[in-house]
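Undergrad: using only what follows, build the 3D model:
(chains A and B)
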Amino acid sequence: MADISAPVAGRPVVRPARPRGKAYKTFVDGIGANNPVFVQVLGICSTLAVTNVVTNTVVMCLGLIWATAMSNVSVSILRKWIPARARMIVETLIIAVWVIIVDIALRAYLPDISRTLGPYVGLIITNCIVMGRTEAFGLNNPPGLALIDGVSAGLGYSYVLLIIAVIRELAGSGSLLGVKLLGPWWTNWTIFVMPSGAFFLLAVFIWVVKGAILKEQKK
Amino acid sequence: MNWSAVGPAAVFFGAIFTNNILLTNYLGMCSFLAISREVKSSLGLGAAVVFVMGMTNALNWPIHYFILVPLKLEYLGFIVYIIVIAASVQLVEMVVERVSESLYQNLGIFLPLITVNCAVFGAVLFMFIRKYTFLGSLAFGLGGGLGWALAIVAMAGLRAKMARARVPRGLEGAGIALIIAGIMSLAFMGFSGMIPAA
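TA: Numbering: from 1, shown residues only, chains lettered A, B, ... in the order given. Have a look, this model is predicted:
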């Protein structure tokens, strides 16, 4: 999350606001050309940790989409009243409120998953993507577009993590959504359950996508 | 696992090596990838994180157990912890500015970044979930900060070496950094037998 104000060489962090009425472009951008994970490499902090089981990842991603969309909308509605100097802390508090709602809902309806997710639900607050979207988009766009932008950034992030989670659970434990799929002939790849597996998978993922982008640019 | 039974010393070393907050819990990845280009700035950020993490854990522990729990306000926890983190970072910044000009020059730009560092907030959440004692929490904060600093400085050193290596174009930047982090995480796994309880 620190990325937002970090002096990142060569990477434009805050992008200019897009004109009104470009809802479709806003949506497609978040999933493809501006995907938060492999284009901006943001927000892998809190969610990568739960990608060893698909069920947890799905719940976590839904929570993240909700938090991103709702805080983007709230910041957008309040954007005329948020003082520029204190905007970071105001944004953080708005995000915290939406995440607390997720946390309470999970505790009430899915207590088992809430326990396995542990601190990671709360860590959505410091997820770079949520903050990044409110800072780069919510602060200077109307609420409707902010909602679309939040949902699409969340979705763009979720599908990458879901792919990683499917590979990790299938190869690491031979199961999917907790159901054993691969028979006794399958030898579990323990490395995919270990933390390093997620690092390697994400790196390969970025490699493939970036390679495709580079090829496109050459043409 | 009964985390509360582990002594502070074991928690401290466990947080540095066996449960490294960056390499096993992926916390603080963003600044890890963005800052770990130079050893010098990594050292600065690492030092600031150690300090802030120890301080926020030491402050949040009494606030949680003596104010939030008796008043049954645990659901406000996230907001309170974040405010405490932001306030202590601000305080540290002011103190450092007054006390030492040169230290401020070195640390100053990194301090605001720490408010939003997942590792600091993560350490606070972990210490409540694992029900550490006060000393355990303090040890966890300092050890976690040191572990994070160790990882980011090591990474910066490795990336400086990597500057001369021929990396495939698609892997440049974040990709290769993630692969290095994965290998480091594997190496740190070797420590896992050292502390039996953690």
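
Undergrad: can you give me how far the helix or strand hosting B:Val95 is from the chain middle?
TA: Element membership of B:Val95, judged by DSSP states H and E, is helix B:77-99. Chain-centre distance of helix B:77-99: 15 Å, with CA atoms, centre = their mean, to the nearest Å.

Undergrad: how many residues are close by residue 156?
TA: Using chain A. Per other CB atoms under 10 Å in any protein chain shown, the neighbour tally for A:Gly156 reads 23. The C-beta positions use only the backbone N, C-alpha and C, and glycine is treated the same way.

Undergrad: switch to chain B, that's the one I care about
TA: When neighbours are counted by other CB under 10 Å, B:Ala156 comes out with 21.

Undergrad: same check, this time on B:Val99
TA: Around B:Val99 there are 9 residues (other CB under 10 Å).

Undergrad: so for the helix holding B:Val95, mean pLDDT?
TA: Averaging pLDDT along helix B:77-99 yields 83.

Undergrad: elements contacting it?
TA: helix A:87-109, helix B:39-62, helix B:101-107, helix B:111-115, helix B:118-129 (3 or more CB pairs under 8 Å, 6 or more residues apart in numbering or on different chains; DSSP states H and E).

Undergrad: let's have these in TSV, adding mean neighbour count.
TA: Formatted as TSV, the helices and strands packed on helix B:77-99 follow (neighbours: other CB atoms under 10 Å in any protein chain shown):
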stretch	mean neighbour count
helix A:87-109	19
helix B:39-62	22
helix B:101-107	14
helix B:111-115	23
helix B:118-129	26
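
Undergrad: can you lay out the ones you listed as a markdown table showing distance to B:Ala10?
TA: Rendered in a markdown table, the data for the helices and strands packed on helix B:77-99 read as follows (distance: least, CB to CB, whole Å):
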| stretch | distance to B:Ala10 |
| --- | --- |
| helix A:87-109 | 30 |
| helix B:39-62 | 16 |
| helix B:101-107 | 30 |
| helix B:111-115 | 26 |
| helix B:118-129 | 15 |
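
Undergrad: burial count for residue 86?
TA: Here I'm looking at chain A. 9.

Undergrad: I was after chain B.
TA: By other CB under 10 Å, 19 other residues sit near B:Ala86.

Undergrad: that one is in contact with A:Thr92, isn't it?
TA: Yes. B:Ala86 is in contact with A:Thr92 according to CB atoms under 8 Å; the separation is 7.4 Å.

Undergrad: what helix or strand is the most centrally placed residue in chain A on?
TA: For chain A, the residue whose C-alpha lies nearest the mean C-alpha position (CA atoms, centre = their mean) is A:Tyr157; its distance is 4.2 Å. In this assignment (DSSP H and E), A:Tyr157 forms part of helix A:143-173.

Undergrad: which other helices and strands does that helix contact?
TA: On a contact count with 3+ CB pairs under 8 Å, 6+ apart, helix A:143-173 meets helix A:23-31, helix A:54-77, helix A:128-136, strand A:175-176, helix A:190-193, helix A:195-218.
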